[in-house]
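# sharing a sequence plus its predicted fold:
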Amino acid sequence: MTVTTVTAEREQELLQSVPTGLLINGEWRDASSGKTLDVHDPATGKVLLSIQDGNSDDAMAALDAASAAQRDWALTAPRERAEILRRAFDKVIERSEDFALLMTLEMGKPLAEARGEVTYGAEFLRWFSEETVRHYGRYFTSPEGKNKMIVTHKPVGPSLLITPWNFPLAMATRKVAPAIAAGCTMVLKPAKLTPLTSLLFAQVVQEAGLPAGVLNVVAGSSASAISGPLMKDSRLRKISFTGSTAVGVKLMQDAANNVLRTSMELGGNAPFLVFEDADLDAAVEGAMAAKMRNMGEACTAANRFLVHQDVATEFKAKFAAALQKLNPARGTDPDATVGPIIDGGARDDIHTLVQDSVSAGGTVVTGGKPGDGDGFFYIPTLLEVGNDNPILSEEIFGPVAPVTTFATEEEAIELANASQYGLASYLYTRDVNRMFRVSEQIEFGLIGFNAGVISNASAPFGGVKQSGMGREGGAEGIEEYTTVQYIGMADPYAAQK
Ligand code: NAP
């Protein structure tokens, strides 16, 4: 892979190559309203590019295309779908530097992290290309021996895929790849803050040979204008959503009216447990990854550091020192180790959480304020808080680490479970028996055991409680896009009996 130096010309050249239309039935179209939507650079606040602003009419045209393409697409050979995915993987990897830079420009993450997301996000294409041809049903004899039973999987049908802004490539590949694998057609609605990566990704998937109408992309300024009419249309059969719990709940209510299959990847409030026997240097390294990757703007971000009282002082000192070494800067700066927050409103919300935490008795150990200058930076922050501090029950979605203490394993479990969310959690201990005991008792879909980053295309990703339902990735990921059909066959030996 050639690592290109980022110049202003290079940025412009890349931006000019990004399709700015709506992808409907294999064609890039203008929005029916004639309106455009500006996409900004969060490191400078400046406009990067204007794209077509899709509305409900465009969304319906996209569903028309998805619905018309569904029958033939469902009948394609699994190998054909697999090879399209595999070619798309190769093309995304070939254009790694373009995808990485585009994500850095529209979302803000440092280029090194954006490159990591390309590797991670592209892997869903390769993983599901492999799953496509290994997705079997079953054939068996009924228990009383009379009938033959056949269980098959069919594509669930046209699907609406709604993605957030924090991982612009991976959130799209995590949904589009299993939908292609299963034989579903789809309408993808990317977040309005970061639609460019999805548009470039859609172009690449078209180049990989995806038939017209299978993947349609409608970005726009009003999410509900796009999703609303589709959710009511009986041709839509599924919604897969990644985003906040509040919006997820609203979409589940809409989905109920149309009895849609739903996959919901919602908010998180991950506890990061450090026991007294943990390797503290490894725990700090894991804490930095779990907290600071993506500027803390991740559903899996460690949100509550629960540290045994005997090691808390040392852990906090080492963690604060590591946070102070970070360099917030525009993600294209080779020295940037942390980028800006996605926009001014999100940065203000983070600062309000910190101020409220301090008002409730929390102490700022380091950071605790917005960065200077242009762009929406927030200084990496460590807070010492009590177990009842309000920040522990909020999804911070920013580079702020509240640390509190516990005295016993039972207390640690109780604190970890004291949340409406149940997505990611992290355990640092050298005691594998403790790992099993704690894992069985904490209510989370994902557990990092002495590991600060565990997302992987081959693993089922998803949460419990208000973090949602369904899984993305792993063998489970394709099931979200299939429906089961059972064929009961009359006794083939009946005539001989
Ligand atoms: P968000 O505000 O819920 O938006 C997510 C997506 O939903 C965007 O495409 C947004 O469109 C769309 N949307 C907003 N309101 C809608 C409505 N009324 N009807 C239909 N669609 C609507 O969340 P976000 O701020 O982008 O992302 C942050 C949240 O996502 C956090 O809570 C985070 O934990 C969660 N997340 C979860 C996972 C997971 O796998 N569990 C992964 C990543 C993020 P617009 O952009 O146009 O508003």
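Happy to help now that I have it. In this text the structure is predicted, and so the values were computed from the model without any measurement.

# mind showing which ranges of the stretch 1-150 of the chain have poor pLDDT?
Across the stretch 1-150 of the chain, the ranges flagged by pLDDT under 70 are 1-4.

# that one: helices as residue ranges?
Remark: helices assigned in the stretch 1-150 of the chain by DSSP state H, counting those that start in this stretch are 8-17, 56-74, 78-94, 96-107, 111-132.

# which of these sits most buried?
Mean neighbour count, computed with mean count of other Cβ atoms under 10 Å, is highest for helix 96-107 among the helices of the stretch 1-150 of the chain, reaching a mean of 25. Using the backbone N, CA and C atoms, a C-beta is placed for each residue, glycine as well.

# spatially nearest residue to the one residue in the stretch 151-300 of the chain that gets nearest to the ligand, not counting backbone neighbours?
The ligand sits closest to Gly243 of the stretch 151-300 of the chain, with a gap of 2.6 Å, by Cβ to the nearest ligand atom. The spatially closest residue to Gly243, leaving aside those adjacent along the chain, is Pro164, at 4.7 Å (Cβ to Cβ, 6 or more residues apart in numbering).

# give the contact list for the one you found.
The contact partners of Pro164, taken as Cβ atoms under 8 Å, 6 or more residues apart in numbering, are Met171, Ala191, Thr242, Gly243, Ser244.

# can you list the residues of this protein near the ligand?
162-166, 189, 191-193, 223-224, 227, 242-244, 247, 250-251, 265-268, 299, 395, 423, 463, 467-468 (Cβ under 6 Å from any ligand atom).

# and the buried ones among those residues, selectable in PyMOL?
What follows is the PyMOL syntax selecting those of the residues of the chain next to the ligand that are buried according to 16 or more other Cβ atoms under 10 Å:
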select buried, resi 162+163+164+165+166+189+191+192+193+223+227+242+243+247+251+265+266+267+268+299+395+423+463+467+468
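
# where does Gly268 land in three-state SS?
Applying DSSP: H, G, I helix; E, B strand; the rest coil to Gly268 yields a three-state assignment of coil.

# apart from its neighbours in sequence, what residue is nearest it?
Spatial nearest neighbour of Gly268, chain neighbours left out: Leu423 (3.5 Å); criterion: Cβ to Cβ, 6+ apart.

# give the contact list for the one you found.
Leu423 makes contacts with 266-270, 299-300, 444-446, 462-463, 467-468, as judged by Cβ under 8 Å, 6+ apart.

# do that again at 10 Å, thanks
The contact partners of Leu423, taken as Cβ atoms under 10 Å, 6 or more residues apart in numbering, are 265-270, 298-301, 303, 395, 444-446, 461-468.

# circling back: now intersect the residues of the chain next to the ligand with the helices, please.
Judged by DSSP state H, the subset of these located in helices is Ala223, Ser224, Ser227, Val247, Lys250, Leu251.

# is it true that the third one touches Phe241?
The reference is to Ser227. Yes - judged on Cβ atoms under 10 Å, Ser227 makes contact with Phe241 at a distance of 8.8 Å.

# what is in contact with those two at once?
Common contacts of Ser227 and Phe241, defined by Cβ under 10 Å, 6+ apart, comprise Leu160, Ile162, Lys189, Val247, Lys250, Leu251.

# can I get those in JSON lines with distance to His351?
Supplementary listing: the shared contacts of Ser227 and Phe241 in JSON lines, determined by distance: Cβ to Cβ, whole Å:
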{"residue": "Leu160", "distance to His351": "34"}
{"residue": "Ile162", "distance to His351": "28"}
{"residue": "Lys189", "distance to His351": "30"}
{"residue": "Val247", "distance to His351": "23"}
{"residue": "Lys250", "distance to His351": "27"}
{"residue": "Leu251", "distance to His351": "29"}
